[in-house]
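**Student:** Make a model of this:
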Amino acid sequence: MAGILVAVFWAILVSFLAVVLVRLAQTLRATTKLVADVTEQAVPLLADASATLRSAQTQLDKVDAIASDVQEVTSNASALSTTVASTFGGPLVKVAAFGYGVRQALGRRTAPEPEPTPRTSRRTVIVGRTVPSARSKKRNGRSSRGQKD
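**Tutor:** Have a look, this model is predicted:
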């Protein structure tokens, strides 16, 4: 009886191992098929990615060349502006100052300063206080009737 029990146990164990091996074989076949499909799709994707990277590198090289040219142009423009400023800046300022002085001198000779009319009542504000414009007239020797200080 013990021999029959051992034989049945071995038969069940072998059947269980056979089912496990069949399922393992199916899983390995499915995995092999999945890897083959992924490989078929990944190779073209990697080729496209490689081409895109090469194109991006070419464009970056062009941008680098443009950036170096812009830097050179900027330095040339800076040098040119410095040269122009040092060459023409001083004399132009002197000519402008001379012209301003001539205009002021001619303006004083030709047009006397107009006297203010008594009708205007402009007031000057000094630190929160209003000072009547008549005070400046008093200094010039004019009187101001009817106005209070």
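
**Student:** Break down the protein into its helices, ranges please.
**Tutor:** With DSSP state H applied, the chain shows helices at 2-110, 134-139, listed in chain order.

**Student:** can you give me the mean pLDDT across the shortest one?
**Tutor:** With pLDDT averaged residue by residue, helix 134-139 scores 51.

**Student:** Stretch 36-49 too?
**Tutor:** What stretch 36-49 shows for mean pLDDT is 91.

**Student:** quick thing: my sequence starts at 859, can you match it?
**Tutor:** All set: I'll call the first residue 859, so the last point we hit is now stretch 894-907.

**Student:** which residues of the chain score low on pLDDT?
**Tutor:** Applying pLDDT under 70 to the chain picks out residues 968-1007.

**Student:** change it to 50
**Tutor:** By pLDDT under 50, the low-scoring segments of the chain are 1001-1002, 1007.

**Student:** that older thread, could the helices of the chain be laid out in CSV, adding mean neighbour count?
**Tutor:** Glycine gets a C-beta too; all of them are placed from N, C-alpha and C. Below are those laid out as CSV (neighbours: other C-beta atoms under 10 Å):
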stretch, mean neighbour count
helix 860-968, 10
helix 992-997, 14
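
**Student:** Now do stretch 877-894: distance to the chain's middle.
**Tutor:** Put simply, stretch 877-894 sits 57 Å off its chain's centre (C-alpha atoms, centre = their mean, to the nearest Å).

**Student:** To clarify, my last question referred to stretch 882-897.
**Tutor:** 52 Å.

**Student:** which residues sit against that stretch?
**Tutor:** Contacting residues not belonging to stretch 882-897 are not present [C-beta atoms under 8 Å, 6 or more residues apart in numbering].

**Student:** Report the backbone C-alpha coordinates of it in PDB.
**Tutor:** The C-alpha coordinates for stretch 882-897 follow below in PDB (Å, rounded to 0.1, in the frame of the first residue of the first chain):
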ATOM      1  CA  LEU A 882       6.600  28.400 -18.900                       C
ATOM      2  CA  ALA A 883       7.100  27.400 -22.600                       C
ATOM      3  CA  GLN A 884       4.100  29.500 -23.600                       C
ATOM      4  CA  THR A 885       5.400  32.500 -21.600                       C
ATOM      5  CA  LEU A 886       8.800  32.200 -23.200                       C
ATOM      6  CA  ARG A 887       7.200  32.000 -26.700                       C
ATOM      7  CA  ALA A 888       5.100  35.100 -26.000                       C
ATOM      8  CA  THR A 889       8.100  36.900 -24.600                       C
ATOM      9  CA  THR A 890      10.200  36.000 -27.700                       C
ATOM     10  CA  LYS A 891       7.500  37.300 -30.000                       C
ATOM     11  CA  LEU A 892       7.200  40.600 -27.900                       C
ATOM     12  CA  VAL A 893      10.900  41.100 -28.100                       C
ATOM     13  CA  ALA A 894      10.900  40.600 -31.800                       C
ATOM     14  CA  ASP A 895       8.000  43.100 -32.300                       C
ATOM     15  CA  VAL A 896       9.700  45.700 -30.100                       C
ATOM     16  CA  THR A 897      13.000  45.200 -32.000                       C
END
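
**Student:** This completes my enquiry, with thanks.
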